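Engineer: Quick one: sequence plus predicted model below, questions after.
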Amino acid sequence: MMNEQVMKHQLMKVSTKDLLYLTIQNMRKRRGRILLSIFNVFLGVALVSSMMILSSSYTYKSNISLFVVNLNEYQLWVSIISIAVCVITIFNSMLISVAERYKEIGVMKCLGARNILIMKLFLFEALVIGMIGGFIGFTIAAIFTLPILAIQYETILPFIMYLQILFVSLLIAITISIVASVYPARYASKINPTDALRYEV
Amino acid sequence: MSFEYSVETLNLTKYYQLGDTIVKAVENVSIQIHKGEYLSLMGPSGSGKTTLFKLIGGLDKPTRGQVFIENIDISKLDAYELAWLRCRKIGYIFQTFNLIPILTAIENVSLPMIFANVPKQERIKRARELLEKVGLLERVNHKPLELSGGQQQRVAIARALANNPSIILADEPTGNLDLNTGLNITHLLKKINRDNNVTIFCATHDYKILEVSDRIVWIRDGKIEKVETRNYIRKNK
C-alpha cells in the first residue's frame, strides 16, 4: 500500500507551467481587481523610482558615482510611507480575493489540490502583479522625469543607472506584493473544504 | 492490488458539539460497498447523509471508527496522500454542482487533471471525450452560468470522472433539478456505473434513484435502519 503511494507522490506535482497557466487564467478572468492591484503597485513604485532617478541624477552630476541609489531623509520617508500604503492595500485586495474565491478553493481542494498549490496560486498572482506594476511604475517614472532632468539638472542619466534603478524598482514592487500576499495565501491554503462548500456567497 | 470492498466503513461515528449539546450525526455505521456497485443512501434531511458522505470522502474526520477505501485506511493518510486520494480515487458530485464559475466547461473538466499533472494535450483530449460522453460536446466553451442546472450537473459528472476514479460520491445529485432532468442525470449515472465499472455512492432522498441502485441503505438519526437490495424492492412494489 505504502509503496504504491510513494510512487504516486511524484505524479502529484503540478508543473510550474500549469501553475502559471492557472494563475494567468484567473487573472484574465478577474481583470478588474487585478488591474486595481497593478495600478496600486505602479503608483507606489512610480513615486519611489522617480525619486530615485532624481536623487541619483543629482549624485551623478556632482560626483560621477554610477552605482548609488541614495535618497535623502525626506525622500526616504515619503518612499517608506508610500510602500507601506501599497502593502496594506494589496493585503486588503488579496484578502478580498480569498473571500471571493472561498468556495472555489474548497472545490479545488475536493478535487485533489494540495495546500501548497493553493498557496502558490496566490503567491504567483502576487509575483505577476508585482512584476507588471513595478515595470510600468518604473517606465512611467523614467518618462516623466526626463524633462525635469533635462531642465533642472541639465543632464541625462546613463543607461546603466536606469538599469540599476529598474532593478531596484522591480525588487521593491515584487517584495511589496509578495509580503502583502503571504498571509492571505496561507489563509487560503488552510481553508477547510467542508466549510467552504457550505459557504454561500 | 486486490481488495474485497471498494469502500468499507467500520463503526463510523461522528459527533458535533453544538453549544452545550452533542449532536450525534452518525453513529456506528458499518457499510461495505462492492466494486462496481450502485449504492444509495436514503433518509430524510438531517439524518446524517451528508455527514456520512463527507466522512467517506475524506473531507471530514470521524470521532470514532474507520473508513477504508480500497483497503486503505484514510485516517492514517497524511494531507499529501489524502489529496492524492481525492484526486485519483474519488470523484465528487454535489447538489449545488460547485463548478468554478470563471472557467468554461472544458476547463472545469480538465481542472482535476491539472492537479494530477496530466500533460495539456492529453488533458484537453480527455475532457472533450468526457463532455461528449455526458452529451455536452456543443457546449464545451460555455461557462457554468450559461448552462442550465442539468447541464451543469453533467459537467460536474464529467469532472468527477476526469482522473478515472474508482468511486464516485454523489451528495443529492438531483436535489436542485426538476423531475425530468433529475431522471436524466440518474440514468447517466447508471450508464457510467455500468460502462466504467465505477462504484457509485449516492446520498439522496429522491425516490427516482431507487430504480437504478443495486442496494439501498436507509438511514435515520445517524443509524442504519435497514438495507434493501433492488430485487427486494421490485418484489414489494
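Structural biologist: Good, I have the coordinates.

Engineer: and the residue in chain A that chain B sits nearest to, what are its phi and psi?
Structural biologist: The nearest approach of chain A to chain B comes at residue A:112, 2.3 Å away (Cβ to the nearest Cβ). In this view, the C-beta of every residue, glycine as well, is placed from N, C-alpha and C. Residue A:112 has phi and psi values of phi 110, psi 20 when expressed as degrees, to the nearest 10.

Engineer: For it, give its distance to residue A:76.
Structural biologist: Separation of residue A:112 from residue A:76 (Cβ to Cβ, to the nearest Å): 48 Å.

Engineer: got it, and residue A:165?
Structural biologist: 15 Å.

Engineer: Then residue A:17?
Structural biologist: On the measure of Cβ to Cβ, residue A:17 and residue A:76 end up 40 Å apart.

Engineer: likewise residue A:159?
Structural biologist: Using Cβ to Cβ, we find residue A:159 at a distance of 25 Å from residue A:76.

Engineer: of the two, who's got more company?
Structural biologist: Applying other Cβ atoms under 10 Å in any protein chain shown to residue A:159 and residue A:76 shows that residue A:76 carries more neighbours, namely 14 against 8.

Engineer: Please, which helix or strand holds that one?
Structural biologist: Secondary structure assigned from DSSP states H and E places residue A:76 in helix A:73-100.

Engineer: pLDDT score for residue 20?
Structural biologist: In the absence of a named chain, this looks at chain A. Looking at residue A:20, its pLDDT reads 87.

Engineer: meant chain B actually
Structural biologist: 87.

Engineer: How about the residues of chain B by chain A?
Structural biologist: Neighbours of chain A within chain B, by Cβ under 8 Å from any Cβ of the partner chain: B:1, B:54, B:57, B:59-60, B:71-72, B:79-81, B:83-88, B:92, B:94, B:98-103, B:107, B:111-112, B:114-117, B:120, B:159, B:163.

Engineer: next one: stretch A:169-178 to chain centre, how far?
Structural biologist: Relative to its chain's centre, stretch A:169-178 lies at 5 Å (Cα atoms, centre = their mean, to the nearest Å).

Engineer: Could you do stretch A:150-165 as well?
Structural biologist: Relative to the centre of its chain, stretch A:150-165 is centred 26 Å away, using Cα atoms, centre = their mean.

Engineer: From the opening residue of that stretch to its closing one, how far?
Structural biologist: Terminal residues of stretch A:150-165 are spaced 18 Å apart (Cα to Cα, to the nearest Å).

Engineer: who touches that stretch?
Structural biologist: Residues outside stretch A:150-165 that contact it (Cβ atoms under 8 Å, 6 or more residues apart in numbering or on different chains): A:49, A:52-53, A:56-58, A:60-61, A:66-67, A:69, A:138, A:142, A:146, A:149.

Engineer: One more: stretch B:160-167?
Structural biologist: For stretch B:160-167, contacts defined as Cβ under 8 Å, 6+ apart pick out A:112, B:6-7, B:35, B:69-70, B:87-93, B:109-113, B:116, B:118, B:126-127, B:130, B:133, B:168, B:192, B:196, B:198-201.

Engineer: Now do the strands in chain B.
Structural biologist: For chain B, the strands defined by DSSP state E cover B:7-18, B:21-29, B:32-33, B:38-42, B:64-69, B:72-73, B:90-93, B:167-171, B:199-204, B:215-220, B:223-229.

Engineer: Run me through the strand neighbours of the fourth one, direction for each.
Structural biologist: So that's strand B:38-42. Strand B:38-42 sits in its sheet next to strand B:199-204 (parallel), strand B:215-220 (parallel), going by DSSP bridges.

Engineer: Please identify the most buried of these.
Structural biologist: Among these, strand B:199-204 has the highest mean neighbour count (mean count of other Cβ atoms under 10 Å in any protein chain shown), at a mean of 26.

Engineer: how far away is residue B:200 from residue B:7?
Structural biologist: Distance from residue B:200 to residue B:7, by Cβ to Cβ: 11 Å.

Engineer: Please disregard the earlier target; I meant residue B:121.
Structural biologist: Residue B:121 is 33 Å from residue B:7, by Cβ to Cβ.

Engineer: higher neighbour count, these two?
Structural biologist: Neighbours were counted for residue B:121 and for residue B:7 using other Cβ under 10 Å; residue B:7 has more, 25 against 8.

Engineer: So what sits opposite that one in the bridge?
Structural biologist: residue B:33, residue B:69.

Engineer: Quick one: residues contacting the residue of chain A closest to chain B.
Structural biologist: By Cβ under 8 Å, 6+ apart, the residues touching residue A:112 are A:12, B:83, B:84, B:85, B:86, B:87, B:88, B:112, B:115, B:116, B:163.

Engineer: Could you list which of these belong to helices?
Structural biologist: Counting by DSSP state H, the part of those found in helices is B:83, B:84, B:85, B:86, B:87, B:88, B:112, B:115.

Engineer: what's residue B:24 in contact with, if anything?
Structural biologist: Contacts of residue B:24 (Cβ under 8 Å, 6+ apart): B:13, B:14, B:15, B:221, B:222.

Engineer: The second one - how many residues pack around it?
Structural biologist: Same thing as residue B:14. 22.

Engineer: Isn't it up against residue B:67?
Structural biologist: No: using Cβ atoms under 8 Å, residue B:14 is not in contact with residue B:67; the gap is 10.9 Å.

Engineer: which neighbours do these two share?
Structural biologist: residue B:55.

Engineer: how near is the nearest residue to residue B:68 once chain neighbours are set aside to residue B:31?
Structural biologist: Setting aside the residues directly before and after it, residue B:68 is nearest to residue B:8 in space (Cβ to Cβ, 6 or more residues apart in numbering or on different chains), at 4.3 Å. Separation of residue B:8 from residue B:31 (Cβ to Cβ) stands at 7 Å.

Engineer: before we move on, back to that, and which of the contacts of residue B:24 is nearest to chain A?
Structural biologist: Closest approach between the contacts of residue B:24 and chain A, by Cβ to the nearest Cβ: residue B:14, at 11.5 Å.
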